[in-house]
Every structure is written in structure tokens, then in C-alpha cells.
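[1] pasting a predicted model and its sequence here:
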Amino acid sequence: MTKAMDYFDAPGAYGGGDLVRALTRLRARLLVLSFSSDWLFPPYQSQELTDALLRAKKHVTYANIETPRGHDAFLLEIETEARLIRAFLDATHGAVTGG
């Protein structure tokens, strides 16, 4: 899994080297979460992805969770993640159903 995370190149595989072009294929509404102290996937990378999604005219919501728990925060900040995901899904459901 680590190798896949390190070597996967979406811009190269799907966008001729351009991240925005690669993201144009997406059709879903997206939620991007980051964790303030994550050293493996730092927040600036999630913000770059979010910015590219916006340039690709995609519906994206971004949240950076403040935490001192580092990369393991995604395993430990369950309540915060659940609240954000629930709100995103509720808003997305309303947007899809017109409610």
C-alpha cells in the first residue's frame, strides 16, 4: 500500500501530466480532509488537491482538522471526522435530491 501511495501519479496516468486535466474525469462531489500535524500527507498537499479540483470546476469541500496527533490522526479523530462526513453527506444528499 505504501508503494502505491508513493508511486501513483494521477496527472501522469490520466491528465498528460496535468492534475487539473486528470481531475476533470471525476463526477462525484468530494470531501477532502487533512490533519494539521500530518507529516506523511501534510495539509498543504490536500489544499493543492482542493485547489486543483476547484480549477477543474468540481464540487469539493475541504476541512483541515486541528490535532497534535500526526499522521495517525485519521485513526484517532473519529468523532471529528464522523461529524464532518455526516454534514457533507447530508448536504450532498440534499443537493442531489433537491431537498
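    Nice, thanks for sending it over.

[2] starting at the chain centroid, how far to the helix or strand of the chain with the lowest mean pLDDT?
    Least confident helix or strand, the chain: helix 2-7 with a mean of 82, by mean pLDDT, DSSP states H and E. Distance of helix 2-7 from the chain centroid (C-alpha atoms, centre = their mean, to the nearest Å) equals 17 Å.

[3] ok, now stretch 65-72?
    For stretch 65-72, the distance to the chain centre is 16 Å (C-alpha atoms, centre = their mean).

[4] using PDB, list the CA coordinates for the least confident helix or strand of the chain.
    Extracted in PDB, the C-alpha atoms of helix 2-7 (Å, rounded to 0.1, in the frame of the first residue of the first chain):
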ATOM      1  CA  THR A   2       2.800   2.400   0.800                       C
ATOM      2  CA  LYS A   3       4.400   1.800  -2.600                       C
ATOM      3  CA  ALA A   4       1.100   2.500  -4.300                       C
ATOM      4  CA  MET A   5       0.700   5.800  -2.300                       C
ATOM      5  CA  ASP A   6       4.300   6.800  -3.200                       C
ATOM      6  CA  TYR A   7       4.200   6.000  -6.900                       C
END
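
[5] immediately after it, which helix or strand?
    helix 10-14 (DSSP states H and E).

[6] now the following helix or strand past that following helix: buried residues?
    Heading C-terminal from helix 10-14, the first helix or strand you meet, by DSSP H and E, is helix 19-23. Within helix 19-23, the residues that count as buried by 16 or more other C-beta atoms under 10 Å are Leu19, Val20, Arg21, Ala22, Leu23. In short, each C-beta sits where N, CA and C put it, glycine included.

[7] contacts for helix 19-23?
    Ala10, Pro11, Ala13, Tyr14, Gly15, Leu49, Ala52, Leu53, Arg55, Ala56, Lys58 (C-beta atoms under 8 Å, 6 or more residues apart in numbering).

[8] just the buried members of the residues you listed?
    With burial judged by 16+ other C-beta under 10 Å, the buried subset of those is Gly15, Leu49, Ala52, Leu53, Ala56, Lys58.
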